[in-house]
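J.: model the structure of this input:
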Amino acid sequence: MIERKESAVPPSGWEYGHRLREPGCDQRRCSELLSAQAREIERLSREAVKLRAAVIIRETALMWEREDRAALVQAAPGLPRRVTLARHVEALLARVQELMRERARWQRPQDGKGEGALAAAGMVSQDTFGDAGLAAEGGAAVLEASLRAADLVICQTGCLSHGAYWRVQDHCKRTGKACVMVERPQELRIVRIGKDGDGESRSGAVRVL
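T.: So this is what the prediction gives:
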């Protein structure tokens with residue numbers, strides 16, 4: 001058997017050119033990927049700088065706010081107590097609104113009875129304000145007295161005990177009306193909560209300023 005050796009056939013011109021161009025294409029793709037990565041890194045770097053600046057601004061503002069608050073507390077030693085009393089006043093205002101709604105429900109059935117019932121309700125003394133008064137008959141009158149007493153407690157707690165905080169000349173900033181001390185000084189009451197001998201809370205005496 002005769003073995004025939006095949007001679008190496010040189011590549012054609014097209015194939016030779018393709019082999020020369022292929023490494024160049026790979027190099028261009030690598031260059032494009034590197035450029036894209038460099039752009040992404042630059043974008044992320046700018047974003048990181050912006051985030052760091054935002055954090056610095058926020059921390060600086062927080063530090064200034066703390067310094068201002070400390071200076072305010074130092075200038076007004078009673079500020080924390082005033083804040084607590086302001087929250088208490090807000091709770092009292094919510095209670096007053098609740099009592100006003102309750103009074104409206106009591107007054108609606110009495111609208112057909114004429115003005116006599118309303119006049120009688122307005123003549124009820126505030127001394128009936130308390131648990132016994134709330135349990136008695138004539139709920140509209142008791143609610144009226146409760147509203148007046150609660151409003152006076154708000155005046156005492158939030159204004160008079162803080163150097164007339166809401167008073168501007170002779171008017172009240174809270175209600176927009178004349179100050180109670182100017183219009184009806186005889187009606188101002190201070191409700192004291194005392195304790196019975198058995199330790200239970202009870203409504204104490206109400207006295208006029």
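J.: got a pLDDT number for Arg148?
T.: According to the predicted model, the pLDDT of Arg148 comes to 70.
J.: count of neighbours near it?
T.: 20 (other C-beta atoms under 10 Å). Just so you know, the C-beta spots here come from the backbone N, C-alpha and C atoms, and that holds for glycine as well.
J.: what's the answer for Val89, then?
T.: There are 19 residues near Val89, going by other C-beta under 10 Å.
J.: cool, and Met100?
T.: Quick note: Met100 (other C-beta under 10 Å) scores 14 neighbours.
J.: ok, which stretches of this structure are strands?
T.: 167-168, 171-172, 189-195, 201-208 (DSSP state E).
J.: can you tell me which of those strands the model trusts least?
T.: strand 201-208 (a mean of 36).
J.: low-scoring stretches of the protein, by residue?
T.: 1-14, 16-19, 77, 108-144, 156-158, 160-165, 169, 180-209 (pLDDT under 70).
J.: domains in it, by residue range?
T.: Following the assignment in automatic domain parsing, the chain carries domains at 27-72, 79-208.
J.: buried sites along stretch 92-111?
T.: Neighbour-count burial for stretch 92-111, counted by 16 or more other C-beta atoms under 10 Å, picks out Leu92, Val96, Leu99, Glu102, Arg103, Trp106, Gln107.
J.: ok, and the closest non-adjacent residue to Leu147?
T.: The shortest distance from Leu147 to any non-neighbouring residue, by C-beta to C-beta, 6 or more residues apart in numbering, is to Leu99 (5.0 Å).
J.: in helices, which of the buried residues of stretch 92-111 appear?
T.: Leu92, Val96, Leu99, Glu102, Arg103, Trp106, Gln107 (DSSP state H).
J.: going by distance to Ala54, which of those wins?
T.: Using C-beta to C-beta, Leu92 comes nearest to Ala54 of these, at 41.9 Å.
J.: measure that closest one to Ala70 for me?
T.: 30 Å (C-beta to C-beta, to the nearest Å).
J.: ok so, going back, in CSV, list the buried residues of stretch 92-111 along with distance to Ile56.
T.: Putting the buried residues of stretch 92-111 into CSV (distance: C-beta to C-beta, whole Å) gives the following:
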residue, distance to Ile56
Leu92, 43
Val96, 47
Leu99, 51
Glu102, 54
Arg103, 56
Trp106, 60
Gln107, 60
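J.: now do Ser35 against Asp26, distance only.
T.: The value you get for Ser35 to Asp26, if C-beta to C-beta is used, is 15 Å.
J.: check Glu15 too.
T.: 17 Å.
J.: same question for Val89.
T.: 78 Å.
J.: what does Arg69 give?
T.: Distance from Arg69 to Asp26, by C-beta to C-beta: 64 Å.
J.: check Met100 too.
T.: For Met100 relative to Asp26 (C-beta to C-beta), the value is 84 Å.
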